[in-house]
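**Student:** Here's my sequence, what's the structure:
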Amino acid sequence: MTKPADLVRWAVDGVDADASNISVPSSGAKDVGYAFEEIPTSGNFNYFLNRNHRWFQYLSAGAFEGASSFDDALAIAGDLSVNAATILTGDLTLGPIVVVPDFVFTAVNATDTMTSVAHGRATGDGPFQAVNSGGALPAGLLPATNYWIISLTADTFKLASSLALAMLGTPVGISTDGTGTQSLVDTVSTHAAASCAISANLSVANAATIAGNLTVSGSYGTISATTVTAGTVNATSSLKHGTMSAIVSSFGYRPKTGATTLDLDANGNWTSWGAAPNDVIRANLPLRGGDRLISITWIVYKAGSAAPITMELISEPDDPLIGTLTVIDTFSDTSSSSFVTSNTTRTLNLTLSDIGYGLRVTSTTAGHVFIRGQISFNRP
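**Tutor:** As a prediction, the model looks like this:
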């Protein structure tokens, strides 16, 4: 079905104002309509046709005002702009957004490059198919074959034989420039690589699932969440928690049998761990006041015994000569086998205030010889 080029126009003057000969039917007449063989007045007749014209204008303009709903699918071939303080109270499903089809290009086989001024395409857009009129396609491009865009500049691009190769920047090679007029046309599955572009803020009150990549750009791009239970966030520049940088740092300690100078016992005296039960080792942690400690992960090599190992997160006093150590948190490695590596994470989410921190480790049995680990923390 083809949309008419003009609208039905009735009782509208040259400046798009309603004509004067329009009479609105009474409420009672609207309820019952005209009786059989009753003739409506010219004003009423003009009212009906004028209202039809105004509705045709409204629907043709495509700018809906007030609350509007659609009982079935709504297909939009061009751009969709939404400007509202509150957009949704329910679910919004965004499928592929169809790319503007059919644009002419020229090819340079020496560089496998195509030119189309202001082509508007992004890397990964597609699939497109190459067509020719009045000549031949560049050698290397086949008719009725899908290609994806590798965008180079606003006016130039290359073509790839798959979406994956487009994202890798691997183009199709061409050996001639082609003759006649070359065009790229869309297919039923053509869509933009970035299916939804949001130029302002996006707020999601509940869960949001993204099957592909989520890119947050700009000087102040932000991803906020109350709780993240799984997944990975990759940052190409600084990754921050609020105004704090996210840092992962390793720590380690290897006591030696008979060592007497590298370990600190519960009373603050240097001792060794391994020759007797209940000795203590300590690993210094690169933490300071103001840091937010997210988690500690540790690995313990237990030798000759299945006894558990107790760990304490401790803070140091400003003056270690007169102050005392403070135990902030206590947790245990309860691996039950000898010579088993235990890889355990303790989630803490603590905001720290003292000058220095460490991990103190004790065991009721001698012989455990190695500990190392990793901490994750935020720093202002």
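
**Student:** only C-alpha atoms for contact and neighbour calcs from this point on.
**Tutor:** Will do.

**Student:** Any idea how far apart the tips of stretch 124-139 sit?
**Tutor:** One end of stretch 124-139 sits 22 Å from the other (C-alpha to C-alpha, to the nearest Å).

**Student:** and if you look at stretch 286-296?
**Tutor:** 12 Å.

**Student:** What number of residues are in the vicinity of Ile328?
**Tutor:** Ile328 is flanked by 12 other residues according to other C-alpha atoms under 10 Å.

**Student:** Please identify the helix or strand for it.
**Tutor:** Assigned by DSSP states H and E, Ile328 belongs to strand 326-333.

**Student:** Now do the end-to-end distance for stretch 17-29.
**Tutor:** The straight-line separation of the ends of stretch 17-29 (C-alpha to C-alpha) is 25 Å.

**Student:** Can you give me the buried ones in that stretch?
**Tutor:** Buried residues in stretch 17-29, defined by neighbour count with 16 or more other C-alpha atoms under 10 Å: Asp18, Ile22, Pro25.

**Student:** Adding pLDDT and secondary structure, write the residues you listed out as CSV.
**Tutor:** CSV is the format used below for the buried residues of stretch 17-29 (pLDDT from 0 to 100; DSSP: H, G, I helix; E, B strand; the rest coil):
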residue, pLDDT, secondary structure
Asp18, 82, strand
Ile22, 87, coil
Pro25, 86, coil
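
**Student:** about what we covered before: mind listing what the strand holding Ile328 pairs with, with the direction of each?
**Tutor:** strand 309-316 (antiparallel) (DSSP bridges).

**Student:** returning to what we had before: check which element follows the strand holding Ile328 along the chain.
**Tutor:** Following strand 326-333 in sequence, per DSSP H and E, is strand 341-351.

**Student:** For that following strand, the averaged confidence score.
**Tutor:** Strand 341-351 carries an average pLDDT of 74.

**Student:** now for it, which elements pack on it?
**Tutor:** strand 292-301, strand 326-333 (3 or more C-alpha pairs under 8 Å, 6 or more residues apart in numbering; DSSP states H and E).

**Student:** Which member of the buried residues of stretch 17-29 is positioned nearest Trp298?
**Tutor:** Nearest to Trp298 among these is Asp18, at 79.8 Å by C-alpha to C-alpha.

**Student:** For this structure, which segments are assigned as helices?
**Tutor:** 27-32, 42-61, 163-168 (DSSP state H).

**Student:** Mind listing what's buried along the second one?
**Tutor:** What that stands for is helix 42-61. Gly43, Asn44, Phe45, Asn46, Tyr47, Phe48, Asn50, His53, Arg54.

**Student:** Turn those into CSV, columns for distance to Ala118 and pLDDT.
**Tutor:** Shown next, in CSV, are the buried residues of helix 42-61 (distance: C-alpha to C-alpha, whole Å; pLDDT from 0 to 100):
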residue, distance to Ala118, pLDDT
Gly43, 53, 88
Asn44, 53, 88
Phe45, 51, 85
Asn46, 48, 87
Tyr47, 48, 89
Phe48, 47, 85
Asn50, 43, 85
His53, 39, 82
Arg54, 38, 82
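
**Student:** Make a markdown table out of the residues you listed and add distance to Ala61.
**Tutor:** Output for the buried residues of helix 42-61, formatted as a markdown table (distance: C-alpha to C-alpha, whole Å):
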| residue | distance to Ala61 |
| --- | --- |
| Gly43 | 27 |
| Asn44 | 26 |
| Phe45 | 25 |
| Asn46 | 22 |
| Tyr47 | 21 |
| Phe48 | 20 |
| Asn50 | 17 |
| His53 | 12 |
| Arg54 | 11 |
